[in-house]
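Engineer: need a structure here:
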Amino acid sequence: MRAKGDVFVISAPSGSGKTTICRRLLQETDRLELSISYTTRRLKHGEQDGRDYFFVDQPEFDKMLDCKEFLESATVYGNSYGTARKTVQSIVEQGNDALLEIDVQGGCNIKQSMPDAVLVAIFPPSWQALRTRLFGRDRDSREEMDARLIAARKEIHVLLTYDYLVINDDLDSAVVNVSRIVHAHRLRRERAVSVIKSILVQSGEE
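Structural biologist: Residues are numbered from 1 along each chain as shown. Next up is the predicted model:
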């Protein structure tokens, strides 16, 4: 009998390498599944609907919100984002771990509704590195990039309250460190106790 999975939230300021780390984790870690978020923002170059996000219009998003289909939702840079409740529940009930790649606001909302969720913050090695990575992506307008830098200062303060803090000064090392967090939580007492109790039941103990 496999115990229910955990929920891992990965958040970071824009340009910190969060998406790359998450993709590596999903490739290299068994029983880890991405919970794909919904968003109303436009699809950017290189993105794919159903892989990076589920892209919906605002009326459809609002309908899901009214029906309480989101575990958490947030407005970021004028766009709506949400994590579908049924998606996360389906993943963990199968005994797999759910990986949520969401912003700081969404991460805090998840922690309030799911205190056992594990929050992992990713940081760049320096402010200059963050600027270089952000401007080097060539995905956003200058106005958007300036807004992300302003938001990053506030986000970093909130990210300091997360359960784990990982500095992405080397991608391979950052992936290894986040992977260790996932595997360590799989070994904790609470996750194993239901399996051990089932062993006692099988042994005939009342």
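Engineer: So which bits of the helix or strand where Val166 lies are buried?
Structural biologist: Using DSSP states H and E, the element containing Val166 is strand 164-167. Neighbour-count burial for strand 164-167 flags Tyr164, Val166 (criterion: 16 or more other CB atoms under 10 Å). To be clear about C-beta, it is placed using only N, CA and C from the backbone, and glycine gets the same treatment.
Engineer: How far does that strand sit from its chain's centre?
Structural biologist: In terms of CA atoms, centre = their mean, to the nearest Å, the centre of strand 164-167 is set 14 Å apart from its chain centre.
Engineer: what packs against it?
Structural biologist: Helices and strands touching strand 164-167, by 3 or more CB pairs under 8 Å, 6 or more residues apart in numbering; DSSP states H and E, are strand 118-123, helix 171-186.
Engineer: which residues make contact with the last one from outside it?
Structural biologist: Contacts of helix 171-186 from elsewhere in the structure, counted by CB atoms under 8 Å, 6 or more residues apart in numbering, are 6, 8, 10, 17, 20-21, 24-25, 28-29, 32, 97, 118, 120, 122, 164, 166-168, 191.
Engineer: Now the buried members of these.
Structural biologist: Among the contacts of helix 171-186, those classed as buried by 16+ other CB under 10 Å are 6, 8, 10, 17, 21, 24-25, 29, 32, 97, 118, 120, 122, 164, 166, 168, 191.
Engineer: Any regions of the protein where pLDDT drops low?
Structural biologist: For the chain, applying pLDDT under 70 flags the ranges 1-2, 137-140, 191, 205-206.
Engineer: Run through the helices of it in chain order.
Structural biologist: 18-28, 58-66, 85-93, 104-113, 127-136, 142-159, 171-186, 189-202 (DSSP state H).
Engineer: shouldn't Ile21 be in contact with Ile122?
Structural biologist: Yes. Judged on CB atoms under 8 Å, Ile21 makes contact with Ile122 at a distance of 6.2 Å.
Engineer: list residues touching both of the two?
Structural biologist: Ile10, Asn168, Ala174, Val178.
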